[in-house]
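Student: With the input below, show me the fold.
(chains A and B)
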Amino acid sequence: MTVVPLGVPRRLIEFTLDGQEARVPEGSTILDACRAAGKDVPTLCQGDTLTPKNACRVCVVEVEGARTLVPACSRRAEAGMEVRTDTERARHSRKVVLELLASSVDLSTTPGAAEWIKEYEAKPDRFGPDAARVNEEPKVDNDLYVRDYDKCILCYKCVDACGDQWQNTFAISVAGRGFDARIAVEHDAPLTDSACVYCGNCIEVCPTGALSFKSEFDMRAAGTWDESAQTETTTVCAYCGVGCNLTLHVQDNEIVKVTSPHDNPVTHGNLCIKGRFGYQHVQNRD
Amino acid sequence: MRKRQPKTYARLTHPLVRDSRDEPFRRATWDEALTRAAAGLGAARGAFGMFSCARATNEMNYVAQKFARVVMGTNNVDSCNRTCHAPSVAGLSAAFGSGGGTSSYEEVEHTDLIVMWGSNARFAHPIFFQHVLRGIRNGARMYAVDPRRTSTAEWAESWLGLNVGTDIPMAHAIGREIIHAGLANRAFVERATSGFEEYRQLVEPWTLSLAEKVTGVPAAAIRELAHAYARAERAQLCWTLGITEHHNGTDNVRALINLSLLTGHVGRYGSGLQPLRGQNNVQGGGDMGAIPNRLPGFQDILDPPTRLKFETAWDTVIQPHYGLNLTEMFEAMEERTLRAVYCIGENPAQSEADSEQAVRRLRALDFLVVQDIFLTKTAQLADVVLPATAGWAETDGTTTNSERRVQRVRAAVTPPGEAREDIDIICDLAARLGHDWKYADAEAVWNELRSVSRDHYGMTYERLEEHQGIQWPCPDVARLEPTYLHGRLWESDPADRGRLAPFGLVQHDPPVDLTDEEYPIRLTTGRRLDSYNTGVQSGGFASPLRRGEYVELCPEDAERYGVVVGEEVRVSSRRGTVLAPVWIDTALRPGLAFMTMHFPDEVDTNQLTIEANCPIAGTAEFKASAIRIEKLPAPIQVR
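Tutor: You can find the predicted model right below:
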């Protein structure tokens, strides 16, 4: 008997990726294989701690014999499959997706967006200045979070993180249907009137900065937010005995943001309000 | 909702001293403060006690207990461990010879049944509860045993809302039902345990109907939990302070352990016992020997070969008897046999039960040194105050969590002013008292610990980094042990099986502070989601959830007293009286009130609690006081 149940042994799947032989354990996605092979496939709605939602379509690749493009983030690799990541069709699709997103949403704080727009030669401006936008002021209704729906791409990651995949608080949901669909807190209530417990696990997964910590939001507004001047140090939370790992983002000797490593066996990237925000006492220095 | 002006504490940036307790503090140099501290402590050899810190690193705790044992020649070293989980450690080590929880978080996700007993983990241990939720989503059933219908209980298959302090009747009734239904794991009981026959006789009177009378829980619900626990392939039994903060906390723990022995739910993957620890390093503080009865590595002081090992390693003589625990040290202050205290990072003036008595005793000391990051209520009573660094963000080292996982702590910010690292301060003080210790850094301390503790030997800093923490025991630098403890109990060879796990023969003993006509309400205490202990640390951030201290009543009681939300009432126990506004909570039931200890500067809840201590572990009965609620003559609405 082994110490830990090993489960069914995983076979290695062999398939072709851009003409090259690829081998991945059974159950891996095409995206896993691409990343293992060092290929840069853009992703937005994919999260390493979440079940794929297939919402953004920016990671699509071509599979020989398939009628449509397939999302690399959720399609499992199959033996004998022939996958091409960089065909004209795939590149064109990514370009259009980026144009549609960048014309309707503010992607200025989305990591990678500017480079992808350049690489795929996307022209978001071609829809003109009156392209559909939410045009809404950031919602600042408490001292910890800011919600800026101008930056929201409706990827559902926050809904999943707040819901049954991690936090199980169900404060965040989708309100409206079709073009009116949007992420909302209990049908557009202020956060302070909702079930929110301020764990910040939605912010941890948000790919665009639509959800941000107020500390970061304020520093960006003041022009003092400077990621190149920040250090990231992983330590252990000083509250209860669970032992969550915290990554402290420090700028000018001030903690400006707290995250958690997504591959950590204790937290899986999640924290509670105390771990996420309870650092201020350390820097009450005068 | 009233407006609150939360008390925030500013960091200490330089040492403070004073010549007498009536004077205000004045700023001092490190040299003057340490010289005074050394003189004060040196004069009290033989009457000295050390309060180590369950919040600081393992390395700091190791050095602190070494200071007490080598420099001061005493085993009087303890920490706030005593006010929460000491009974878990005492109970588990009595049964299994080791004080740690027996399984790990990951196993909770792969188990079939989870019992949360006296634990509101959803609030107090939110990230552990995410593992529980994973388990529930994977098909596990969860049962909650708690006087309050907490947000943890909201996720349960069944909530058993027992009367405060009736955990042993409940456990014994479950045990009896398992035996009578023929569901005991007879093979395991015969091979791995001792004392079953006595246990069977002990629980025999606890029929389901008697248990229903005593606990207030319907017999059918108790029966259902008994059958579910016994029939599950794998089961986790988790508890928190609802079990331990009683005058018979260790007995409560033993009663729960009995159930795992009866059913064989221990020592296997997915089956185990999990006490959820309340402070980031309360597990590690005990492992490092910052407790009066154990040397580093949780090795017994009474064992001569162990003492010899440490006497050789430290070139000293170790007192061959247990020291005083925190509770006994406070009693010794009263008798003047303890006259000087070195208190690191603790706030007993506000965290002890019956806080007025604690303050009076601290005042009676000849000499008190407090080493902290804030000028806490305890520090305000000191002769010398030494500014330290915040363990988790300003120092390097390790801490040990509830699943025995030792993890690296790393310095991320520079400490303010002249604040110095705890280890550095203790070593400087040791040098002034004639012991010149040289530690280049925290890793050097850790490696010294590794050399004397087999359970930690395999954990180099490098490996801790590589594996994102390692669970003890880890005696080998090349391999990892199973994630659960006591697999030996399942071995077929009796020699490998080792010492049999004894059933704990414990009797029901109701709370000391009885309710009567004068004090008709049972007050229990606990934590909220966004606040922590005495609030010194959690008061620093602007939580949208925080509403300050209230006395929480059920709607029926509020109606009976004619009080409404926000109305200030007088709350009295046999020890003290406080004024607190009312909050109404439907999770409570008639006769049960709830308060926290998070805002002692607003409402000092611990003026109400009783210092009735567990005779084995010394933990006070925070969970059960008898109180009276009085409507004030002219209702004052607090704005």
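
Student: C-alpha only now, for contacts and for neighbours.
Tutor: Noted.

Student: number of nearby residues for residue B:179?
Tutor: Look at residue B:179: counted by other Cα atoms under 10 Å in any protein chain shown, it has 20 neighbours.

Student: The one 4 residues further on now?
Tutor: Number of residues near residue B:183 (other Cα under 10 Å) recorded here: 17.

Student: and what of the one 4 residues further on?
Tutor: Residue B:187: 13 surrounding residues under other Cα under 10 Å.

Student: For the strand or helix carrying it, buried residues please.
Tutor: Here residue B:187, judged by DSSP states H and E, is contained in helix B:186-192. Within helix B:186-192, the residues scored as buried using 16 or more other Cα atoms under 10 Å in any protein chain shown are B:188-189, B:191-192.

Student: Kindly report the same for stretch B:225-242.
Tutor: Of the residues in stretch B:225-242, B:225-232, B:234-242 count as buried by neighbour count, 16+ other Cα under 10 Å.

Student: about what we covered before: C-terminal to the helix holding residue B:187, what's the next element?
Tutor: Going down the chain from helix B:186-192, the next helix or strand is strand B:193-194, by DSSP H and E.

Student: tell me the mean pLDDT over that next one?
Tutor: Confidence over strand B:193-194 (mean pLDDT, whole number) is 95.

Student: From the contact counts, what lies against it?
Tutor: Packed against strand B:193-194 by the contact rule (3 or more Cα pairs under 8 Å, 6 or more residues apart in numbering or on different chains; DSSP states H and E) you find strand B:501-502.

Student: what's next to the strand it packs on, contact-wise?
Tutor: With Cα atoms under 8 Å, 6 or more residues apart in numbering or on different chains as the test, strand B:501-502 has contacts from B:94-96, B:192-196, B:261.

Student: Need the phi and psi values for residue A:182.
Tutor: Here is the backbone geometry of residue A:182 (degrees, to the nearest 10): phi -160, psi 160.

Student: quick one: contacts for it?
Tutor: Residue A:182 makes contact with A:154, A:174-176 under the criterion Cα under 8 Å, 6+ apart.

Student: Now do the domain split for the chain, please.
Tutor: Since no chain was named, I'll use chain A. Structural domains annotated on chain A: A:10-132, A:134-222, A:226-286, as defined by automatic domain parsing.

Student: Wait, chain B was what I had in mind.
Tutor: Domain segmentation of chain B under automatic domain parsing yields B:17-82+B:280-471, B:86-276, B:521-631.

Student: Need the ones you listed in JSON lines (columns: distance to residue A:37).
Tutor: Converted to JSON lines, the domains of chain B look like this (distance: least, Cα to Cα, whole Å):
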{"stretch": "domain B:17-82+B:280-471", "distance to residue A:37": "23"}
{"stretch": "domain B:86-276", "distance to residue A:37": "30"}
{"stretch": "domain B:521-631", "distance to residue A:37": "44"}
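
Student: Please flag which of the contacts of residue A:182 sit within strands.
Tutor: A:174-175 (DSSP state E).

Student: what about the strands in the stretch 1-150 of chain A?
Tutor: Secondary structure of the stretch 1-150 of chain A (DSSP state E, counting those that start in this stretch): strands at A:12-17, A:20-25, A:60-63, A:70-71, A:82-84, A:145-147.

Student: If you average the pLDDT over the shortest one, what comes out?
Tutor: Going back to what we said before, that points to strand A:70-71. Mean per-residue pLDDT for strand A:70-71: 96.

Student: between the strands of the stretch 1-150 of chain A, which gets nearest to residue A:121?
Tutor: The closest of the strands of the stretch 1-150 of chain A to residue A:121 is strand A:60-63. By Cα to Cα, the value is 16.6 Å.

Student: by contact count, what packs against that closest one?
Tutor: Packed against strand A:60-63 by the contact rule (3+ Cα pairs under 8 Å, 6+ apart) you find strand A:70-71, strand A:82-84, helix A:88-104.

Student: Of all those, which one is nearest chain B?
Tutor: When those are ranked by distance to chain B, counting by Cα to the nearest Cα, first place goes to strand A:70-71 at 26.5 Å.

Student: List the pairing partners of the closest one within its sheet, with orientation.
Tutor: Here strand A:70-71 is paired, per DSSP bridges, with strand A:60-63 (antiparallel).

Student: now the buried residues of helix B:186-192 as a markdown table including distance to residue A:185?
Tutor: As requested, the buried residues of helix B:186-192 are arranged in a markdown table below (distance: Cα to Cα, whole Å):
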| residue | distance to residue A:185 |
| --- | --- |
| B:188 | 51 |
| B:189 | 53 |
| B:191 | 56 |
| B:192 | 53 |
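
Student: With only the CA atoms kept, save stretch B:46-64 in PDB.
Tutor: Extracted in PDB, the C-alpha atoms of stretch B:46-64 (Å, rounded to 0.1, in the frame of the first residue of the first chain):
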ATOM      1  CA  GLY B  46      14.600  31.300  41.000                       C
ATOM      2  CA  ALA B  47      11.500  33.400  40.800                       C
ATOM      3  CA  PHE B  48      11.400  34.000  37.000                       C
ATOM      4  CA  GLY B  49       8.900  33.200  34.400                       C
ATOM      5  CA  MET B  50       9.000  33.600  30.600                       C
ATOM      6  CA  PHE B  51       6.000  34.300  28.400                       C
ATOM      7  CA  SER B  52       7.100  33.200  24.900                       C
ATOM      8  CA  CYS B  53       5.100  34.100  21.800                       C
ATOM      9  CA  ALA B  54       2.900  31.800  19.700                       C
ATOM     10  CA  ARG B  55       2.900  34.500  17.100                       C
ATOM     11  CA  ALA B  56       6.700  34.600  16.500                       C
ATOM     12  CA  THR B  57       8.900  32.200  14.600                       C
ATOM     13  CA  ASN B  58      10.000  28.700  15.700                       C
ATOM     14  CA  GLU B  59      13.600  30.100  15.900                       C
ATOM     15  CA  MET B  60      12.600  32.800  18.300                       C
ATOM     16  CA  ASN B  61      10.700  30.300  20.400                       C
ATOM     17  CA  TYR B  62      13.600  28.000  20.500                       C
ATOM     18  CA  VAL B  63      15.900  30.800  21.700                       C
ATOM     19  CA  ALA B  64      13.400  32.100  24.200                       C
END
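
Student: before we move on, the earlier item: for the strands of the stretch 1-150 of chain A, which one ends up most surrounded?
Tutor: Stretch with highest mean neighbour count among these: strand A:60-63 (a mean of 24; mean count of other Cα atoms under 10 Å in any protein chain shown).

Student: ok, residue A:228 to chain B distance?
Tutor: Distance of residue A:228 to chain B, given as Cα to the nearest Cα, to the nearest Å: 16 Å.

Student: What about residue 249, how many residues nearby?
Tutor: Since you didn't name a chain, this refers to chain A. Residue A:249 has 21 neighbours, counted by other Cα under 10 Å.

Student: try chain B instead
Tutor: Using other Cα under 10 Å, residue B:249 has 32 neighbouring residues.

Student: ok, it touching residue B:622?
Tutor: No - with contact defined as Cα atoms under 8 Å, residue B:249 does not reach residue B:622; the gap is 10.7 Å.

Student: residues in contact with residue A:52?
Tutor: The contact partners of residue A:52, by Cα under 8 Å, 6+ apart, come to A:45-46, A:73-74.

Student: correction: residue B:460
Tutor: Contacts of residue B:460 (Cα under 8 Å, 6+ apart): B:447, B:477.

Student: My guess is residue B:149 contacts residue B:161. True?
Tutor: Yes - applying Cα under 8 Å, one finds residue B:149 in contact with residue B:161, separated by 6.9 Å.

Student: any low-confidence regions in chain B?
Tutor: B:1-7, B:81, B:83-84, B:634-639 (pLDDT under 70).

Student: Quick check on the nearest residue to residue B:623 once chain neighbours are set aside: phi, psi?
Tutor: The shortest distance from residue B:623 to any non-neighbouring residue, by Cα to Cα, 6 or more residues apart in numbering or on different chains, is to residue B:524 (4.5 Å). Phi and psi for residue B:524, reported as degrees, to the nearest 10, are phi -120, psi 160.

Student: Which one of the contacts of strand B:501-502 is nearest to residue B:384?
Tutor: residue B:94 (39.5 Å).
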